[in-house]
Structures are given as C-alpha cells and as structure tokens.
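*Asks:* got a sequence here, can you model it:
(chains A and B)
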2 protein chains.
Amino acid sequence: MEREYASALLENAVTELSRLPGIGRKTALRLALHLLRRDEEESVALGESIIRMRREVTYCRCCHNISESELCQVCADERRDHTTVCVVENVKDVICFERTGQFNGVYHVLGGLISPLDGIGPEQLEIDSLVDRVAEGGVKEIILALSATMEGDTTNFYIYRRMGTLPVKITQLARGVSVGNEIEYTDEITLGRSLLNRTDFAVG
Amino acid sequence: MEREYASALLENAVTELSRLPGIGRKTALRLALHLLRRDEEESVALGESIIRMRREVTYCRCCHNISESELCQVCADERRDHTTVCVVENVKDVICFERTGQFNGVYHVLGGLISPLDGIGPEQLEIDSLVDRVAEGGVKEIILALSATMEGDTTNFYIYRRMGTLPVKITQLARGVSVGNEIEYTDEITLGRSLLNRTDFAVG
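*Replies:* All right, here's what the predicted structure looks like:
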C-alpha cells in the first residue's frame, strides 16, 4: 500500500487537522471525511475563514487584545471609561468579561501568567507595557482580574510591586461563594474569604 | 456590545469550525484562538489543505471510493484481483481493510446502509451500480463486508436478492469471537455463530 488514505490530499488534510489541540488522527480522519461529504462551498468557507482570520487579525497596540486594526474596538470606543483598566490573562478572558455586560472600562491583556514551572517569566508578558501605560497618566484604577490560582496570585503581586509609587488605585476581583453554589460544597478558604469580605445586605 | 468576539473574522472562523461534527462553540473558540497563536504558515496550511482536498478529491467511477483521478489507485492497480469485489459501507471501511494487508481484490463503496428509520433507501446507495458492475461480467465473487447490525443485515439481504441469477459467488465476513476477546465477555449470539461456523484447528 503506497498511501494510508488512497489520496495524498486527504492524507495532508488529516495531518493538518490532527495538529489541532485535542484532535487525534482518528478524529481528524472523521472530520476530513465529513468535509469531503459536505457541499464544496461550505468546506471551502471553513478553509478560507481560517486563512483570513490568521492573516488579517492583529493585536491592539494599546491593550494587546485581538483586533482588526491598530486599536481594538474597545480601546477605540470613546464611550468607554479609559481610566479603568481591567488586567486579564488572555483574549478569552476579555470575551468572558464582555459577556457579563457589567464592565465599561478598558482592558490590558497580559498574554499569560507568571509561571516559573512552565518557564514563563514577567518579561514574556505584557507587564512592561502595562507599567508604561499607567506611567503615561490617565489611568485611575487597575483591576487585577486574574485566575484565583498560585500563578494568578504571583502575577498579581508582581504587578502590585511594579506599580511602586505610581498614583493608581489597584483593586482585585471579589473572592467569595459562586452564585448558585451551595455552602456545603464550597471550600473552606473561599468560605473564610467570603466571611471576611462580607458586604451589607441589599435587597434586589 | 456589537460583536461577541471583538473581531468579525474570529467570529466567522468560530462559526465555521463549530459546524464540524462534535465541535461546539466553546471548542471552536479554543481552536480558533490556537490557530491565531500559531505561526501564520501553519494555520494557513490547514486552511489550504481543506480547500484543496475538497476541490480536488473526487470519486472513482468504478468503485466510488475517494480518488484523485477518474479511477482510484486500487481500481487502477493491475496487480490487484479485479474478479473479487469487497462491498463496504463507506470510504473509512476501505481504509480499515487496506490496513489489514490481507485483501488483494477491489472494492465497491455503497455510501451507506439501507435504513428506513433514517430515510435511506437502496436507491440512494451505489447498489444499482454494483449490480451493473457484476452484470457486465468479470466479477467472480462479491464479499459482503458490512457491519454486523440490523442495517448491515438488511443491506446484505437486499444485495443478495438483487444479484438474482447473476453468475457470481456471494460471501460474507466470518462472524466469531474477536481476536483478543475473552469467552466470558462475548455475547451469546456471537458465541453461537462461532460454534456453528467452527473451523479446523490449525497450528500457526
């Protein structure tokens, strides 16, 4: 047998698909055969959407979120509050916060968290650019909105130190019982924090 | 919020990816962000491999397997035995049989199985073309190599009836205990068949 799949083109597509995270050769073959069965137009549209996205999507020079122009749509929006900067780990987190509909400020995407075990140091993240952004003035508050993990806490602390004497308020997300979670199944550290940080009871 | 993903190009790629079987919007977003992070060359290669495959892969006019020319590489190979035709459900099954390295005949891909529940009748499958192929002469044996399911059995029986008085030997795959399986965990129907169809004991 010269080729595994009777067609070098199929073989090639399977190889490329199997490079995607979480997709092995079996799934890749299933996807490729599906793409072969489907209307030519639809399969070509998938291919073209990937190529266009990769070629044309760029990163915002201010907040490092993905963008289609030099400034992303959040940074370019004058109705948003440019004095409040929400510091997030990655592009996906921006999507999460935007979905809440509760935030009218702007973002700063670090591109990861400090993680010595994975060899990621602060110099690989957009921390220098955050310090510069604050040093330029105009930012009144930065909200540290990183994951409640060891790496998140380390990164929070590093950023706090780097801000030094810059005249900026530094806040972080509230830690507490998740909405919809039962007390019984909430871990004790979270419960402890939610007691310490209790808020006035408000109706509605 | 005007768009969910800050970029219409990202949004478009996520939509196209989520049309793939087994890939929801969350996974599609993960894949799209991965494609954005990766080298431009690699992501473009994936897109192009999908487009080329869909545009250039065609189906063999004889056996209906995928092919890059009018005749697939199996049908075009003169060293193969063109008098023995293995009837399979789909393109994937051809790959499975080729992997065994035990078959030197040719194939006939039905494109599915008869399944009234799913609205698939014999006229939607390549059964007429199989009958024509046998009627033309030159085929000595057809091996029914369909799944051991209700649909497979129905399709087997229908093909058997359609062959009528055509001078062709009709065989089917042996049913029995899977190699590596324990008797204890083999179902009774399979065990019964494997008793009835027992073969002479041969060493090696």
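*Asks:* right, and A:Ile127 touches A:Leu110 too?
*Replies:* Yes - if you go by CB atoms under 8 Å, A:Ile127 and A:Leu110 touch, sitting 6.6 Å apart. To be clear about C-beta, it is placed using only N, CA and C from the backbone, and glycine gets the same treatment.
*Asks:* spatially nearest residue to A:Cys72, not counting backbone neighbours?
*Replies:* A:Cys60 (3.6 Å; CB to CB, 6 or more residues apart in numbering or on different chains).
*Asks:* please tell me I have it right and that neighbour contacts A:Ser67.
*Replies:* Yes - shown here, A:Cys60 and A:Ser67 form a contact pair, counting by CB under 8 Å, at 4.2 Å.
*Asks:* so where do the helices sit in chain A?
*Replies:* For chain A, applying DSSP state H gives helices covering A:8-17, A:25-37, A:40-56, A:91-100, A:128-135, A:150-163, A:188-196.
*Asks:* the domain parsing of chain A - what is it?
*Replies:* A:8-56, A:80-196 (automatic domain parsing).
*Asks:* quick check: longest strand of chain A.
*Replies:* Identified as the longest strand of chain A according to DSSP state E is strand A:81-88.
*Asks:* as CSV, the helices of chain A with mean neighbour count would be great.
*Replies:* Formatted as CSV, the helices of chain A follow (neighbours: other CB atoms under 10 Å in any protein chain shown):
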stretch, mean neighbour count
helix A:8-17, 21
helix A:25-37, 18
helix A:40-56, 18
helix A:91-100, 16
helix A:128-135, 16
helix A:150-163, 16
helix A:188-196, 12
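*Asks:* you'd agree A:Gly112 is up against A:Pro122?
*Replies:* No - with contact defined as CB under 8 Å, A:Gly112 does not reach A:Pro122; the gap is 10.0 Å.
*Asks:* list the contacts for the residue positioned nearest the centre of chain A?
*Replies:* Chain A has A:Asn90 as the residue nearest its centroid, 2.4 Å off, counting by CA atoms, centre = their mean. Neighbouring residues of A:Asn90 by CB atoms under 8 Å, 6 or more residues apart in numbering or on different chains: A:Val109, A:Leu110, A:Gly111, A:Gly112, B:Leu33.
*Asks:* count of neighbours near the fourth one?
*Replies:* Meaning A:Gly112. A count of neighbours around A:Gly112, defined by other CB atoms under 10 Å in any protein chain shown, yields 16.
*Asks:* show me what contacts it?
*Replies:* A:Glu89, A:Asn90, A:Ile120, A:Gln124, A:Leu125.
*Asks:* can you do 6 Å?
*Replies:* A:Ile120, A:Leu125 (CB atoms under 6 Å, 6 or more residues apart in numbering or on different chains).
*Asks:* for A:Val88, see how far away it is.
*Replies:* 11 Å (CB to CB, to the nearest Å).
*Asks:* so what's A:Glu141 bridging to?
*Replies:* A:Thr84, A:Lys169 (DSSP bridges).
*Asks:* hang on, it packs against A:Lys169?
*Replies:* Yes - if you go by CB atoms under 6 Å, A:Glu141 and A:Lys169 touch, sitting 4.3 Å apart.
*Asks:* more crowded one of the two?
*Replies:* Looking at A:Glu141 and A:Lys169 with other CB under 10 Å, you find the greater number of neighbours at A:Glu141, namely 15 against 12.
*Asks:* give me the distance between that one and A:Gly101.
*Replies:* Taken as CB to CB, the span from A:Glu141 to A:Gly101 is 19 Å.
*Asks:* got it, and A:Glu68?
*Replies:* 22 Å.
*Asks:* for the two, indicate the residue with more neighbours.
*Replies:* Applying other CB under 10 Å to A:Glu68 and A:Gly101 shows that A:Glu68 carries more neighbours, namely 16 against 8.
*Asks:* the residue nearest to A:Arg30 when sequence neighbours are not counted: how many residues sit nearby?
*Replies:* In space, not counting the residues next to it along the chain, A:Arg30 is nearest to B:Pro21; the distance is 7.1 Å by CB to CB, 6+ apart. By other CB under 10 Å, 9 other residues sit near B:Pro21.
*Asks:* just the pLDDT for B:Pro21.
*Replies:* We have a pLDDT of 93 for B:Pro21.
*Asks:* who in chain A is up against chain B?
*Replies:* A:1, A:6-7, A:9-10, A:12-13, A:16, A:20-21, A:31, A:33-36, A:40, A:43-47, A:49-54, A:56-57, A:66, A:68, A:98 (CB under 6 Å from any CB of the partner chain).
*Asks:* just checking, what packs against the least confident helix or strand in chain A by mean pLDDT?
*Replies:* Lowest by mean pLDDT, DSSP states H and E among the helices and strands of chain A is helix A:188-196, with a mean of 82. Packing partners of helix A:188-196 (3 or more CB pairs under 6 Å, 6 or more residues apart in numbering or on different chains; DSSP states H and E): none among the helices and strands.
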